[in-house]
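Asks: Could you work out the structure for the sequence below:
(2 chains)
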Amino acid sequence: QSALTQPPSASGSPGQSVTISCTGTSSDVGGYNYVSWYQQHPGKAPKLMIYEVSKRPSGVPDRFSGSKSGNTASLTVSGLQAEDEADYYCSSYAGTNNPYVFGTGTKVTVL
Amino acid sequence: EVQLVESGGGLVQPGGSLRLSCAASGFTFSSYWMSWVRQAPGKGLEWVANIKQDESEKYYVDSVKGRFTISRDNAKNSLYLQMNSLRAEDTAVYYCARLGGSYYHYWGQGTLVTVSS
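Replies: Residues are numbered from 1 along each chain as shown, chains lettered A, B, ... in the order given. Okay, here's the model as predicted:
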């Protein structure tokens, strides 16, 4: 199972928006509405930010939003803040035998 | 508060074995699928294994099949990963995670496994 494709980096100034893409196939991203996104600060554990394409867990600011079109999912961070600077990973369900595949990761820099 | 605390990591020689543990608290452990996810130094996340609530279903990434075994003890609220025939490429931080359906809802802080001679 190949990793989902994300851009290595993305950046924006405080207050601006940044969108990260996550491209898979019809066997994972395109086949299920089970895309999730994780934020990871250096040396820390990942944190769930979005699940089932566009749902936010309790406590996650509504500045974070998710969407999907075909085989590509996206995470948008609006109103960028300094604490949003982190690595972001997407993940998708991919069937019973190899159920979970992660993206390659995107480093978001707040300029 | 949900807490997942991993232990058991360390330095091991190639071909050696290690058993990781994850102590869970703050939720009904026996009601959830659990998972191990790893991250090699400077690299991305990789799903390793999943286990159903009653251990009736277990799944592994191809690269660890036949070498790693996931298990759990619901009476002790604990998750385990027995790792045998370790290779240099198994070097990573190993995270214990609680599954919430199709996503990893809660994560532990991780334990570092280093495979080196």
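
Asks: What is the neighbour count of B:Cys96?
Replies: Neighbour count for B:Cys96, taken as other CB atoms under 10 Å in any protein chain shown: 29. For every residue, glycine as well, the C-beta is placed using N, CA and C.

Asks: so it is in which element?
Replies: Assigned by DSSP states H and E, B:Cys96 belongs to strand B:92-99.

Asks: Distance from that strand to the middle of the chain?
Replies: With CA atoms, centre = their mean, to the nearest Å as the basis, strand B:92-99 stands 5 Å off its chain's centre.

Asks: who's in contact with residue 105?
Replies: Here I'm looking at chain A. Counting by CB atoms under 8 Å, 6 or more residues apart in numbering or on different chains, A:Gly105 touches A:6, A:8, A:87-89, B:44-45.

Asks: Can you look at chain B instead?
Replies: A:48, A:51, A:57, B:2, B:97-99.

Asks: and the next element down the chain from the least confident helix or strand in chain A by mean pLDDT?
Replies: In chain A, the helix or strand scored least confidently by mean pLDDT, DSSP states H and E is strand A:100-102, which has a mean of 92. Helices and strands here follow DSSP H and E; after strand A:100-102, the next one along the chain is strand A:106-110.

Asks: Let me see the mean pLDDT of that following strand.
Replies: The pLDDT scores in strand A:106-110 average 97.

Asks: okay, how far is it across stretch A:49-57, tip to tip?
Replies: With CA to CA, to the nearest Å applied, stretch A:49-57 spans 7 Å between its terminal residues.

Asks: what does it rub up against?
Replies: Contacts for stretch A:49-57 (CB under 8 Å, 6+ apart): A:33-39, A:48, A:60, A:62, A:64-68, A:73, A:75, A:88, B:100-103, B:105.

Asks: and those residues, which are buried?
Replies: Among the contacts of stretch A:49-57, the ones that count as buried by 16 or more other CB atoms under 10 Å in any protein chain shown are A:34-39, A:48, A:60, A:64-66, A:68, A:73, A:75, A:88, B:100, B:102-103, B:105.

Asks: In helices, which of those appear?
Replies: Members of those lying in helices (criterion: DSSP state H): none.

Asks: could you pull out the strands for chain B?
Replies: Remark: strands assigned in chain B by DSSP state E are B:3-7, B:10-12, B:18-25, B:34-39, B:45-51, B:58-60, B:68-73, B:78-83, B:92-99, B:104-107, B:111-115.

Asks: Check which helices and strands the fourth one is in contact with.
Replies: Strand B:34-39 sits against strand B:18-25, strand B:45-51, strand B:68-73, strand B:78-83, strand B:92-99, strand B:104-107, with contacts defined as 3 or more CB pairs under 8 Å, 6 or more residues apart in numbering or on different chains; DSSP states H and E.

Asks: Kindly report the same for the last one.
Replies: Strand B:111-115 sits against strand B:10-12, strand B:18-25, strand B:92-99, with contacts defined as 3+ CB pairs under 8 Å, 6+ apart.

Asks: Same question for the first one.
Replies: In this structure, strand B:3-7 packs against strand B:18-25, strand B:92-99, with contacts taken as 3+ CB pairs under 8 Å, 6+ apart.

Asks: what's in contact with the longest strand along chain A?
Replies: If each strand of chain A is counted by residues according to DSSP E, the longest one is strand A:86-93. The contact list for strand A:86-93 (CB under 8 Å, 6+ apart) reads A:4, A:6, A:20, A:22, A:24, A:28-29, A:32, A:34-42, A:46, A:49, A:73, A:75, A:99-103, A:105-108, B:44-45, B:47, B:102-104.
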